[in-house]
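>>> Pasting the sequence and the predicted coordinates here, then a few questions.
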Amino acid sequence: MTATTPKATSAFPDFCEGIQYFGEALPSFDTYGKTPAIAEGKTAISDPSDANAVYQTLLFADALRYLTLQVTGSKASGHPGGFASSAEAHAALIMLGYKNIITEVGHHAPGFYSSMFLDRSLEDMGIYNVQQLRDRFREKHGLLGHLSGYIPGILAPAGPLGQGQHFAMAAALLHRDKLFPFTMGDGGMGEPYPMSSMAHFHTAFGGVTNFLPVLIWNGYSQEHHSMVSTKTNAEMLQYWRGNGFAEVILIDAKDFDDRNQSGDYVDSTAFSFEQRLAFTKAVLEGVDKATKSALSGKLTVFIIKQLKGAGVHARGAKSHNLYPKDTLDAPHIVNALKGRALTAESWELVRTNCERAGGGPAAKTAVTEFELPLPDLGQLPLEEYAVGGEPKVSTTAMGVLVGKVGQSDRTFLVTNADGNEASGIANINQALKIIHPTTDDLYNQSPNGQVYEPLSEDACAGLAVGLSLMGARTLWCSYESFAINGLPIWQTVTQAMAELRRKTPATITLFTAGALEQGRNGWTHQRPEVEAYFAAMMRNGNVFPLFPPDANSIQACYEWALTTKNKGIVITASKSPLPIRTTFEQTRQGLKDGAVVLHEVAGGKKVVFAVVGDMTLMPVFEAATFLENEGIGAKIVSIINPRRLYRPTDVAWDTCSEADGEFLSDEKFAEIFDGDALIGVTGGASGMLEPIMLRSNSKRDTFAWKRGETTASAGELMAFNGLTAEALTKRAIELIH
């Protein structure tokens with residue numbers, strides 16, 4: 001094929017400005033390319049076997065490859081190879097009218113951007129032609145290197161492998177009448193999470209099969225052969241069937257190769273044109289069969305087996321990434337672009353089909369472009385306990401409210417891998433029931449329950465945050481010590497929420513059974529270092545760790561969390577009965593100011609204790625008594641919402657889509673925390689105290705978690721970590737003298 005550079009003429013549509021090469025018409029264009037395969041007023045092709053539809057799907061696949069390579073080449077950066085091997089499958093989904101497409105492969109971003117450009121979704125961010133597409137790729141306020149909710153028409157973020165299925169399953173659960181295909185690569189399949197999470201989801205929600213894994217089996221991962229590259233087709237089919245998939249459809253490019261390419265993975269763009277059409281037809285028919293199967297109640301997977309890098313500048317893992325040498329002037333890039341170059345008429349045809357598919361641009365039709373309507377929760381059944389009265393279990397008090405939320409909102413889901421009863425929230429199970437195919441009242445099980453209990457924290461966090469991203473209310477419950485296994489996807493979604501172009505309920509967590517309660521279980525259950533993760537994320541601007549000191553406070557914290565949008569709210573509380581120290585009003589003020597004063601006695605000098613947590617208050621109150629007996633004043637401050645205690649310049653709050661710029665003023669900070677000495681106390685990571693230590697001008701010190709050990713009691717474990725009344729008293733006296 002010869003290719004030419006464009007001339008400034010009306011023969012080239014405006015959106016083609018920036019395309020470097022136009023080619024000659026492909027064979028039979030006059031026969032199969034004159035009329036769009038998606039007719040005016042329609043949202044999809046009418047017949048996947050129709051020659052016009054097949055031909056134009058092939059044109060679309062080539063257009064995607066061309067744009068993907070030119071866009072990445074414009075910055076000599078980015079990832080063209082993986083998406084290139086998926087081009088026919090992606091084109092088939094669009095031509096069949098499906099635009100709610102998700103991927104777990106962040107490296108496919110330039111291909112997805114190309115698709116969003118062709119259907120005009122990117123016009124919502126001022127990208128009208130290919131030159132602008134090139135200019136904005138991998139630039140600030142442009143097309144991020146990996147997918148994000150910031151991009152019009154893109155349903156979910158993608159970066160870490162093994163996450164995409166959560167978004168697809170969440171969307172499928174909320175929108176039973178729509179299909180949610182998600183692409184995954186060989187590398188992502190190698191993660192342990194996708195298959196196990198899909199299996200548990202299918203057991204819990206057997207009738208929800210309207211999500212469709214599309215495996216891009218191209219033989220290579222990022223820098224080498226993929227770990228599943230040695231599987232035979234029969235073994236791959238058996239693997240998916242063995243994991244519960246009723247319909248497994250595999251289209252192997254090797255079956256259509258008429259160029260005698262070596263190896264199990266081949267490049268369909270090297271076939272004769274007739275065989276390229278034959279392969280495209282098989283993919284189109286296979287995808288059509290798979291989508292109909294998934295929508296009809298069968299757990300289905302579609303697999304396209306094609307060499308990585310098909311049709312771009314290199315093949316195999318070498319096609320994965322562009323380097324500084326891979327510029328648009330480099331001969332190998334030029335040759336690859338010329339090989340995929342289309343005529344202006346072909347570009348116009350592809351654009352028309354893309355615009356019509358699915359009823360319009362994804363930016364106007366995808367489910368994530370709209371806020372999900374949610375029922376009003378009405379009045380929460382708050383119960384305010386008397387300060388100083390009988391000790392209460394905080395988590396149990398919150399559980400009452402969670403039950404009411406679920407009864408008012410049937411889309412609401414609670415997830416927990418380690419069991420709600422073990423966290424003092426059996427009342428959640430009693431009110432909402434554990435989702436299980438076996439009905440059993442003793443264990444609070446029901447097929448129609450709202451408590452999702454896989455044994456994987458990734459699956460718990462994944463479905464909960466996926467639902468929140470899609471617009472629903474959720475609660476992820478975990479032992480603090482195990483939460484780390486679910487945090488990667490929680491972080492992915494929370495950071496995506498910071499840039500979403502729509503409002504969505506905050507993703508809320510409840511982390512219980514803190515390290516101090518887990519003495520006899522030893523260090524395996526004592527991992528409050530996870531709090532350092534949240535301490536670091538507070539600077540993002542939309543992450544709010546909350547530390548209610550008692551059963552009243554936790555109710556007010558959850559009440560507030562339910563009203564927030566596009567935030568990550570982390571509630572950490574004990575499951576032991578603890579004294580009631582605050583009123584609702586105090587916590588509501590503490591949520592606004594960041595902290596609340598629990599106790600203050602004047603003396604010759606004043607020591608201020610800034611305390612994170614609930615059980616940690618016990619040795620602090622004891623230390624205060626010691627000091628007061630010596631005539632030294634003591635003030636105990638409970639840190640409820642530490643994010644409020646940073647200075648505005650410490651936090652990227654103004655970069656968040658639902659910006660929250662409330663911070664405690666310097667005057668109010670001094671009023672609460674000034675003294676002759678300040679001691680920060682936490683049973684977790686010391687980083688959570690950073691906002692106070694940054695702003696305080698007092699002589700100060702920090703008492704925090706060091707490491708776990710097997711002990712008989714919380715007091716003994718605190719002593720092992722130096723968190724005793726005696727140690728606090730001694731250090732306070734040293735600081736004021």
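Noted; the coordinates are in hand. Here the structure is a predicted model, which is why all the values come from computation and not from measurement.
>>> what does stretch 520-528 contact?
For stretch 520-528, contacts defined as C-beta atoms under 8 Å, 6 or more residues apart in numbering pick out 479-482, 484, 513-515, 518, 683-685, 705, 707-712, 717. C-beta coordinates here come from the backbone N, C-alpha and C atoms, glycine included.
>>> same thing with stretch 271-284?
26-27, 48-49, 53-55, 57-58, 61, 88-89, 92, 95-96, 251, 253, 255-259, 268-269, 304.
>>> Please, a PyMOL command that selects the buried ones among the residues you listed?
Remark: buried members of the contacts of stretch 271-284, expressed as a PyMOL selection using 16 or more other C-beta atoms under 10 Å:
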select buried, resi 26+48+53+54+55+57+58+61+88+89+92+95+96+251+253+256+257+268+269+304
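>>> got a list of what residue 146 touches?
106, 107, 109, 157, 158, 159.
>>> Which strand or helix spans residue 571?
Residue 571 belongs to strand 568-572 when assigned by DSSP states H and E.
>>> what are the pairing partners of that strand, and which direction each?
Using DSSP bridges, the strands paired with strand 568-572 are strand 507-512 (parallel), strand 543-546 (parallel).
>>> quick one: that strand to chain centroid distance?
Offset of strand 568-572 from its chain centre (C-alpha atoms, centre = their mean, to the nearest Å): 16 Å.
>>> again with stretch 188-206
16 Å.
>>> tell me the centre residue of this protein?
residue 493 (3.1 Å; C-alpha atoms, centre = their mean).
>>> Grab the nearest non-local neighbour of it.
residue 465 (4.0 Å; C-beta to C-beta, 6 or more residues apart in numbering).
>>> Wait, a strand at that neighbour?
No - going by DSSP: H, G, I helix; E, B strand; the rest coil, the assignment for residue 465 is helix, not a strand.
>>> where's residue 517 relative to residue 627, distance?
Separation of residue 517 from residue 627 (C-beta to C-beta, to the nearest Å): 27 Å.
>>> swap in residue 727?
13 Å.
>>> More neighbours: those two, which one.
The residue with more neighbours, out of residue 727 and residue 627, is residue 627; 23 against 16, by other C-beta atoms under 10 Å.
>>> still on that earlier bit, pick the most buried one from the strands paired with strand 568-572.
Most buried of the strands paired with strand 568-572, by mean neighbour count (mean count of other C-beta atoms under 10 Å): strand 507-512, with a mean of 28.
>>> Now do it, average pLDDT.
In this model, strand 507-512 has a mean pLDDT of 96.
>>> to the chain's geometric centre, what's the distance from the helix or strand following that strand?
Using DSSP H and E, the next helix or strand after strand 507-512 towards the C-terminus is helix 530-537. Taking the mean of its C-alpha atoms, helix 530-537 sits 17 Å from the chain's own mean (C-alpha atoms, centre = their mean).
>>> ok, now which ones touch residue 606?
Neighbour list for residue 606: 632, 633, 634, 635, 675, 676, 677 [criterion: C-beta under 8 Å, 6+ apart].
>>> Next, format the strands paired with strand 568-572 as CSV and append distance to residue 37.
Output for those, formatted as CSV (distance: least, C-beta to C-beta, whole Å):
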stretch, distance to residue 37
strand 507-512, 41
strand 543-546, 47
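>>> How much space separates the nearest residue to residue 499 once chain neighbours are set aside from residue 659?
Once flanking residues are discounted, residue 499 sits nearest to residue 150: 4.2 Å by C-beta to C-beta, 6+ apart. Residue 150 is 15 Å from residue 659, where distance means C-beta to C-beta.
>>> Neighbour count: those two, which is higher?
residue 150 (18 against 14).
>>> Surely the more buried one is within a strand?
No - Residue 150 is assigned coil when assessed by three-state DSSP, not a strand.
>>> Go through the helix ranked longest in the chain and flag the buried ones.
As assigned by DSSP state H, the longest helix anywhere in the chain is helix 51-75. Across helix 51-75, burial judged by 16+ other C-beta under 10 Å covers 52-75.
>>> again with stretch 287-305
Under 16+ other C-beta under 10 Å, the buried positions of stretch 287-305 are 287-288, 290-291, 293-295, 299-305.
>>> low-scoring stretches of the stretch 101-250 of the chain, by residue?
192 (pLDDT under 70).
>>> quick one: the strands in it?
For the stretch 101-250 of the chain, the strands defined by DSSP state E, counting those that start in this stretch occupy 102-103, 180-185, 211-217, 247-252.
>>> Rebuild these as TSV, extending it with distance to residue 327.
Below are these laid out as TSV (distance: least, C-beta to C-beta, whole Å):
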stretch	distance to residue 327
strand 102-103	27
strand 180-185	26
strand 211-217	27
strand 247-252	34
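>>> Which stretch among those approaches residue 113 most closely?
Residue 113 lies closest, by C-beta to C-beta, to one member of these: strand 102-103, at 11.7 Å.
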